[in-house]
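Chemist: coords please:
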Amino acid sequence: MFNIGAGEFLTLCLLALVLIGPDKLPTVAVDAARLVKKARAMAQSATAELRENMGPGFEDLQVEDLHPKKLIAKQIGVMSEIADESKLELTEINKNAKIDPDLL
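Modeler: Numbering: from 1, shown residues only. Just a heads-up that it's a prediction; the model follows:
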């Protein structure tokens, strides 16, 4: 996620141990974990609320899909599928349509 290697992680742990101290380090770690958990819950609730407010068709919405280009491309894809289905229905109707010679 953060592209941190093992050496970098150990360096950060040693730096935290020196700066915070061994007696306060567990308390700070617990507080940091609570902060991360709370931020994750807020992000998930915001995403759920966004899905709910966007309405039907956005049930499978991902946060990455909110980029304008991806969102537009996704909607264009849906519209092209609908257009293709309509074309198939029209060709089927044209095949089955018969003109009454008496009407001509």
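Chemist: care to break this protein down by domain?
Modeler: For the chain, automatic domain parsing gives the domain ranges 1-57, 62-96.
Chemist: could you dump the ones you listed to CSV with mean neighbour count?
Modeler: Backbone N, C-alpha and C define where each C-beta goes, glycine included. Shown next, in CSV, are these (neighbours: other C-beta atoms under 10 Å):
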stretch, mean neighbour count
domain 1-57, 10
domain 62-96, 10
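Chemist: comparing the ones you listed, which yields the minimum mean pLDDT?
Modeler: Here the lowest mean pLDDT among the domains of the chain goes to domain 62-96, at a mean of 82.
Chemist: before we move on, back to that, out of the domains of the chain, nearest to D102?
Modeler: Using C-beta to C-beta as the measure, domain 62-96 is the one of the domains of the chain that comes nearest D102, at 19.1 Å.
Chemist: okay, which residue is most central for the chain?
Modeler: Q62 (1.0 Å; C-alpha atoms, centre = their mean).
Chemist: quick revisit: redo the domains of the chain as TSV? Include distance to D102.
Modeler: Shown next, in TSV, are those (distance: least, C-beta to C-beta, whole Å):
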stretch	distance to D102
domain 1-57	47
domain 62-96	19
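Chemist: I appreciate the help and will end here.
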